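Trainee: Let's see this in three dimensions:
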Amino acid sequence: MTKTPRRRSLAETIVDDLTGRIRAGELPAGTRLPTEPEMTARYGVSRTVVREAISRLQAAGLVETRHGIGTFVLEPAPARGLDVGTVVTIRDVLAMLELRISLETEAAALAAQRRDGADLGEMRAALDDFEAEVKAGRNGAEADFRFHTRIARATRNRYFESVFHDLGTTTLPRTRLDLSRLTPDYGPDYLQRTNREHEAIFEAIERGDVDAARAAMRMHLTNSRERLRRFTEEFGDGVGGAA
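Mentor: Just a heads-up that it's a prediction; the model follows:
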């Protein structure tokens, strides 16, 4: 039975808006956020709602409030204990995929429980952009990453989104290693298969089917891992066509 999407609270709406603007650079580090009265007028909410939103942004490490002065955007915190710049060999990418399988299968399951209409709309837009990129002869990496990031956001667990955001597009094998010229596994049909797998994930999340979302994500990432393993068995672990 399809679950009714949980309505996003007013505070979450403000948090999502400000988080997106901070991530996009519209509100760079050091920017002073609008005052409480300005935010209540802008969003049409009470001061209590504004204070809850600011509290959540503080907990996420995005802003700090200086007593008597205002609330300011902080410098983005570096990813702790993880240097994605070292992801350059096939074995590195395989290790990253193992990490993603453990994280993203549960993220997909939580997203199936907690997503709302706005989340589904953002995922749908990312998939449509991915398809347009592929048809234009591009690799669609940005739209691919955006789709997975939107799933992480829909968990309503800031740590999923934070970790995936810090990892960046280096988690996508084709942004680090150009294997299309060496094996048919990464030939012209590869991105089409990838998008079909994305569609299966999306459909399960849209239905609110937790088990199917988990299984679809696991299959998607496991397929990527197995393609790389076959390549390693045939060609070894040279960097070769690193992007």
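
Trainee: check contacts around the most centrally placed residue in the chain.
Mentor: Central residue of the chain (Cα atoms, centre = their mean): residue 149, 1.2 Å from the mean position. Applying Cβ atoms under 8 Å, 6 or more residues apart in numbering to residue 149 gives the contacts 161, 164-165. Backbone N, C-alpha and C define where each C-beta goes, glycine included.

Trainee: Equivalent analysis for residue 144, please.
Mentor: Contacts of residue 144 by Cβ under 8 Å, 6+ apart are 126, 130, 172, 194, 198.

Trainee: how about JSON lines for these, with secondary structure, neighbour count and pLDDT added?
Mentor: Shown next, in JSON lines, are the contacts of residue 144 (DSSP: H, G, I helix; E, B strand; the rest coil; neighbours: other Cβ atoms under 10 Å; pLDDT from 0 to 100):
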{"residue": "126", "secondary structure": "helix", "neighbour count": "23", "pLDDT": "91"}
{"residue": "130", "secondary structure": "helix", "neighbour count": "25", "pLDDT": "90"}
{"residue": "172", "secondary structure": "coil", "neighbour count": "23", "pLDDT": "64"}
{"residue": "194", "secondary structure": "helix", "neighbour count": "20", "pLDDT": "88"}
{"residue": "198", "secondary structure": "helix", "neighbour count": "24", "pLDDT": "96"}
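
Trainee: thinking again about what came up before, filter the contacts of residue 149 down to just the buried residues.
Mentor: Buried members of these, scored by 16 or more other Cβ atoms under 10 Å, are 161, 164.

Trainee: So which of the contacts of residue 149 sit within helices?
Mentor: For these, the ones inside helices are 161, 164-165, with DSSP state H as the criterion.

Trainee: Point out the least confident member of these, please.
Mentor: The lowest pLDDT within these belongs to residue 165, with 71.

Trainee: Go ahead and confirm that one touches residue 24.
Mentor: No - the criterion here is Cβ atoms under 8 Å, and residue 165 misses it with residue 24 at 11.9 Å.

Trainee: about what we covered before: including distance to residue 91, could the contacts of residue 149 go into a markdown table?
Mentor: Shown next, in a markdown table, are the contacts of residue 149 (distance: Cβ to Cβ, whole Å):
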| residue | distance to residue 91 |
| --- | --- |
| 161 | 27 |
| 164 | 21 |
| 165 | 24 |
